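Engineer: Give me a model of this one.
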Amino acid sequence: MTFSYSTNTIAGRNSRVLQAVSALSPEQFTRLFGSSCSVRDTLVHIIGGEWGWLTYWKAPSHSAAVLTDLWDRHDTLFRPDAFPNIAAVRLKWAEVEKEQTEFVNSVTGEALRKMLPFRATQISLTHLMQHLVNHSTYHRGQVAVMMRQLGAEPLPTDFHVFLLERVHAATTTR
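Structural biologist: Next up, the predicted model:
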């Protein structure tokens, strides 16, 4: 149960970002900022990272050939221009989140302790999953800053906001 809660938490924050970004015009959605990045590009980067890590974790082998193939597929699937609008982003994100939920709900304590190759070392699945959460959180913050620069209002994605909303929803449905 703890794992599906964590997945729902992440999905809830992603959903809030997508809700806020839906208010942007197509030009605002793809406008490049000084970092040569747009709201769209950043969202695609988040989704691509979530897909990449999930695919890596599920891979039966972590050989160099498997990793090369994974990143080749990543680079093909997650080109920003392949996501012309928020609807395309939302569709792909829903697909990735469904796979994440299935994976997380099947993870065992033993699997969480499994060490996976990462660069020149090995890191536990637990720590790689934490890295993914931190990575996505960092980039959702970048999207919030870009939205403010565009004169749009981002929605809060803080963990405590999600918890308060869940408590409120639980008490109003009783």
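Engineer: in this protein, which spans are strands?
Structural biologist: Along the chain, the segments classed as strands by DSSP state E run 115-118, 121-124.
Engineer: want to try JSON lines for those strands, with mean pLDDT and mean neighbour count as columns?
Structural biologist: Quick note: C-beta positions are derived from backbone N, CA and C, even for glycine. Shown next, in JSON lines, are the strands of the chain (pLDDT from 0 to 100; neighbours: other CB atoms under 10 Å):
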{"stretch": "strand 115-118", "mean pLDDT": "92", "mean neighbour count": "14"}
{"stretch": "strand 121-124", "mean pLDDT": "95", "mean neighbour count": "12"}
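Engineer: residues in contact with V89?
Structural biologist: V89 sits next to 18, 21, 40, 43-44, 47, 83 when contact means CB atoms under 8 Å, 6 or more residues apart in numbering.
Engineer: Apply 6 Å and report the result again.
Structural biologist: Counting by CB atoms under 6 Å, 6 or more residues apart in numbering, V89 touches 43, 83.
Engineer: again with the one 10 residues further on
Structural biologist: Contacts here follow CB under 6 Å, 6+ apart; on that basis E99 touches L54.
Engineer: rewinding a little: can I get the strands of the chain in JSON lines with distance to T171?
Structural biologist: Below are the strands of the chain laid out as JSON lines (distance: least, CB to CB, whole Å):
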{"stretch": "strand 115-118", "distance to T171": "41"}
{"stretch": "strand 121-124", "distance to T171": "37"}
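Engineer: what are the ranges of the helices in the protein?
Structural biologist: Assigned by DSSP state H, the helices in the chain fall at 2-21, 26-30, 39-58, 64-77, 86-106, 109-113, 125-149, 159-172.
Engineer: what packs against the longest one?
Structural biologist: Applying 3 or more CB pairs under 6 Å, 6 or more residues apart in numbering; DSSP states H and E, one finds that helix 125-149 contacts helix 39-58, helix 109-113.
Engineer: hmm, who's touching it?
Structural biologist: For helix 125-149, contacts defined as CB under 6 Å, 6+ apart pick out 17, 39, 42, 46, 49, 53, 111-112, 114, 154, 157.
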